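Visitor: Pasted the sequence and its predicted model underneath.
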Amino acid sequence: AQKVTQAQTEISVVEKEDVTLDCVYETRDTTYYLFWYKQPPSGELVFLIRRNSFDEQNEISGRYSWNFQKSTSSFNFTITASQVVDSAVYFCALSEAPSGSRLTFGEGTQLTVNP
Amino acid sequence: GAVVSQHPSRVICKSGTSVKIECRSLDFQATTMFWYRQFPKQSLMLMATSNEGSKATYEQGVEKDKFLINHASLTLSTLTVTSAHPEDSSFYICSVDRSTDTQYFGPGTRLTVL
């Protein structure tokens, strides 16, 4: 069975601080995908990144970066120089390949960035 | 990313009535859509996988007779909550799988049953 754990329920930082959101996953599949989604107060889930299990390269997109480590089954997300607009719930998720497979979500981390 | 719409965005109904929620894929013909439910301060839980032209696949514990799903076209899936009760009050959100191994989500529908 698949499982995603986001141990941090809530994180509060001051603007311009860096913050890392942790994600640990469990799966028996050798081929799988990992995702991060952002859910602002409006409720809509915004896709941030997808990583497949064969690609362990870290990725950077602006102030966002992701660290995928298969050895520790982790897929952590770092926001550099956080801004108030980053305040949201962030979900890590896992799906089997191929496409059309169900997503298993973590419990989410509520990030609050204070001015 | 895919553009997915949901209608209505909010609905309030009386206990015992039925409510229909629409999920539309605006820029992609989706053979597969997903329906999730999210209770306050909780994660998303998959309810069912909606397959165009065939019966939906429901997750364990989800009553198929209560949550009717119809995926009659490649751009529209509907979820009908039948005989709604206050415990059905939740945020219902659909997603579209674009065969790129990524699901794109609609804006969600907040259902309140009085």
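Guide: Alright, I've got the coordinates.
Visitor: Check the secondary structure at A:Val85 for me.
Guide: Here A:Val85 takes the helix state, with states given by DSSP: H, G, I helix; E, B strand; the rest coil.
Visitor: how near is it to A:Glu15?
Guide: With distances defined as C-beta to C-beta, to the nearest Å, the gap from A:Val85 to A:Glu15 amounts to 10 Å. The C-beta positions use only the backbone N, C-alpha and C, and glycine is treated the same way.
Visitor: now the helices for chain A?
Guide: Using DSSP state H, no helices are found in chain A.
Visitor: which parts of it sit against chain B?
Guide: Within chain A, the positions adjacent to chain B are A:33, A:35, A:37, A:42-47, A:50, A:52, A:91, A:95, A:97-100, A:102-103, A:105-108 by C-beta under 8 Å from any C-beta of the partner chain.
Visitor: now with 7 Å?
Guide: A:33, A:43-45, A:47, A:50, A:91, A:97, A:99-100, A:102-103, A:105-108 (C-beta under 7 Å from any C-beta of the partner chain).
Visitor: quick one on the thing from earlier: who has more neighbours out of A:Val85 and A:Glu15?
Guide: Per other C-beta atoms under 10 Å in any protein chain shown, whichever of A:Val85 and A:Glu15 has more neighbours is A:Glu15, with 14 against 9.
Visitor: Spit out the contact partners of the more buried one.
Guide: The contact partners of A:Glu15, by C-beta atoms under 7 Å, 6 or more residues apart in numbering or on different chains, come to A:Ser82, A:Gln83, A:Val84, A:Val113, A:Asn114, A:Pro115.
Visitor: if we look at the sheet, which residues does B:Ile69 bridge to?
Guide: Beta bridges link B:Ile69 to B:Leu79, judged by DSSP bridges.
Visitor: swap that for A:Lys3, sorry
Guide: Residues in a beta bridge with A:Lys3, per DSSP bridges, are A:Glu26.
Visitor: Count the neighbours of the closest residue to B:Thr75 other than its chain neighbours for me.
Guide: For B:Thr75, ignoring the flanking residues on the chain, the nearest one in space by C-beta to C-beta, 6 or more residues apart in numbering or on different chains is B:Ser25 at 4.9 Å. Other residues within reach of B:Ser25, judged by other C-beta under 10 Å, total 25.
Visitor: And B:Ser25, what's its pLDDT?
Guide: Per-residue pLDDT puts B:Ser25 at 93.
Visitor: Report the beta-bridge partners for it.
Guide: Counting by DSSP bridges, the residues bridging with B:Ser25 are B:Val4.
Visitor: distance of it from A:Gly43?
Guide: In this structure, B:Ser25 and A:Gly43 are 19 Å apart, going by C-beta to C-beta.
Visitor: For the chain, name the helix or strand with the lowest mean pLDDT.
Guide: I went with chain A, as the question did not name one. None of the helices or strands of chain A scores lower by mean pLDDT, DSSP states H and E than strand A:59-61, at a mean of 88.
Visitor: looking at chain B here, not the other one
Guide: Among the helices and strands of chain B, strand B:103-105 carries the lowest confidence by mean pLDDT, DSSP H and E, at a mean of 89.
Visitor: now for it, which elements pack on it?
Guide: Under the contact criterion of 3 or more C-beta pairs under 7 Å, 6 or more residues apart in numbering or on different chains; DSSP states H and E, the helices and strands touching strand B:103-105 comprise strand B:90-97.
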